[in-house]
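Trainee: Have a look at this prediction, sequence included:
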Amino acid sequence: METKQGLHRAWIVMIACCCLLMALALITTCMSFFVQPVCDALGFDRGPFTVYYSLAALVGVVAMPIWGRIIPKIGIKLSTAIAGAGGAVAMFLFSFCNSLISFYICGIFMGIMVAGVTTLPASILISTWFEAKRGLAMGIVFACSGVGGAVMSPILAGVIASSGWQTGYMVNAAALFVLTVPVALLLITAKPSDVGLRPYGAAEVVSDSDGPAAPQELTGVESKIAMKSAAFFLLLGGVVLMNILVSLIQHIPAHLVAVGIDATMAASAISIYALVAIAAKIALGWINDKFGSTIAIGASFVLLAASFVVFAFTTNYMFAVIGAVVFGLGVGVVTVIPPLLTGQMFGRKDYAKIYSIIGAVASLGLAIGTPIIGVVYDVTGSYVMAFFGCIALLALAFIMLVGGMRSAKKLQFT
């Protein structure tokens, strides 16, 4: 599992992936800090202004499969560096925007670029470099998105308060550049065989000399076969359902306020969930390695269902905190498990092409889940039916994911 120098290079690649996921927080969590100061300074209404972020998200859905085809052609090191540089340029250009249309144009540019620099390359690299402890590595990497938000949020808020929103965008752009471009060029290696290694934990091949290990060819199901299989559509459906139900987090603060909990206290409960989720993602990866994906998914879904029940009947802050903690323990399944299942079911051969589709469609789940849950509230006058509806979606998602894993066993790796 180790090179003759000691530490296996896979762990260096994992550190690079951690940086990429920390960068994700710069284009998700941290962007919320600009809404109020930009709208106040330029006289925008908040609804029309935040359309730029929706445009970035929608363009990203289309761009991710394109990056999935670009990566095998030009290499993941170069593609990640290009996408990171492009994302940083887009972020920097926001500081010069003074009209809604200029924000929209930069948002579209940002959506195209960032689709190729965070979860997609990180998932590909972890699946390629790790045979053993793949789940643990994936959990650590995805936990870093929360770490990035926790570190950068107070820094960025302070910069905006002291120096203005334009400087805030510039600082965010610099951080995005540093966490992606030099990391990609200096720390990323596409696959172990490029440096004479095998994936971490792979059975060693003994050579006739003391030279490097024999290269290992990436095996798996060809993308054109995989994406026509029942296993692919079952995985896709399960992932979309998970993203629909996890969009509940957007409504939980409003639900807590509606049942009589102070808005500030409700916000603190959400902060607790975010902190718990960081550690829980790492634990989920370990569970996946130790006990298998079915147990990892089942345990997470039970925790999510329990949290929904607690939230549905919450009447005070103590129960809100309990619900937030339990939700945080289970929610990692939405980000950690899909890239792991993609590699497990379809192999490494065309991983980039296959996972880019799954990642893109998963985003649609988040996009449609939030308004659907809002409609349920408008019709019923509460979120209780939404919570129990999401428990039903959990059961359906579990059936689809387990069914997909079983169906994938019929596919032949080449």
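Mentor: Right, received. Where do you want to start?

Trainee: which residues in the stretch 51-200 of the chain form helices?
Mentor: Applying DSSP state H, counting those that start in this stretch to the stretch 51-200 of the chain gives helices spanning 76-94, 100-114, 119-129, 134-163, 165-187.

Trainee: Just put these in JSON lines and tack on distance to residue 6.
Mentor: C-beta coordinates here come from the backbone N, C-alpha and C atoms, glycine included. Compiled in JSON lines, those are given as follows (distance: least, Cβ to Cβ, whole Å):
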{"stretch": "helix 76-94", "distance to residue 6": "23"}
{"stretch": "helix 100-114", "distance to residue 6": "35"}
{"stretch": "helix 119-129", "distance to residue 6": "16"}
{"stretch": "helix 134-163", "distance to residue 6": "18"}
{"stretch": "helix 165-187", "distance to residue 6": "17"}
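
Trainee: For residue 336, find the nearest of these.
Mentor: Closest to residue 336 of the helices of the stretch 51-200 of the chain is helix 134-163 (Cβ to Cβ; 5.3 Å).

Trainee: care to break the chain down by domain?
Mentor: Domain ranges of the chain: 9-195, 223-408, per automatic domain parsing.

Trainee: Output these in a markdown table; the columns should cover mean pLDDT, mean neighbour count and distance to residue 202.
Mentor: Below are these laid out as a markdown table (pLDDT from 0 to 100; neighbours: other Cβ atoms under 10 Å; distance: least, Cβ to Cβ, whole Å):
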| stretch | mean pLDDT | mean neighbour count | distance to residue 202 |
| --- | --- | --- | --- |
| domain 9-195 | 93 | 20 | 4 |
| domain 223-408 | 91 | 20 | 11 |
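
Trainee: distance between the ends of stretch 27-37?
Mentor: 17 Å (Cα to Cα, to the nearest Å).

Trainee: Other residues contacting that stretch?
Mentor: Contact partners of stretch 27-37, identified using Cβ atoms under 8 Å, 6 or more residues apart in numbering, comprise 46, 49-50, 53, 56, 87, 91, 94, 110, 114, 118, 145, 148-149, 152-153, 156-157, 160, 164-165, 168-169, 172, 176.

Trainee: which residues pair with residue 220 across the strands?
Mentor: Beta bridges link residue 220 to residue 347, judged by DSSP bridges.

Trainee: That one contacts residue 351, doesn't it?
Mentor: Yes. Between residue 220 and residue 351 a contact is recorded at 6.8 Å, counting by Cβ atoms under 8 Å.

Trainee: Nearest to residue 21 among the helices of the stretch 51-200 of the chain would be which one?
Mentor: That would be helix 134-163 among the helices of the stretch 51-200 of the chain, by Cβ to Cβ, at 4.2 Å.

Trainee: Counting by contacts, list what that closest one packs against.
Mentor: Packed against helix 134-163 by the contact rule (3 or more Cβ pairs under 8 Å, 6 or more residues apart in numbering; DSSP states H and E) you find helix 9-26, helix 119-129, helix 165-187, helix 263-291, helix 333-346.

Trainee: Turn those helices into JSON lines, including distance to residue 362.
Mentor: Below are the helices and strands packed on helix 134-163 laid out as JSON lines (distance: least, Cβ to Cβ, whole Å):
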{"stretch": "helix 9-26", "distance to residue 362": "14"}
{"stretch": "helix 119-129", "distance to residue 362": "10"}
{"stretch": "helix 165-187", "distance to residue 362": "22"}
{"stretch": "helix 263-291", "distance to residue 362": "16"}
{"stretch": "helix 333-346", "distance to residue 362": "7"}
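
Trainee: Doesn't residue 249 lie inside a helix?
Mentor: Yes. Residue 249 forms part of a helix when assessed by DSSP: H, G, I helix; E, B strand; the rest coil.

Trainee: before we move on, back to that, out of the helices and strands packed on helix 134-163, nearest to residue 99?
Mentor: Across these, residue 99 has its closest neighbour in helix 165-187 (14.4 Å, Cβ to Cβ).
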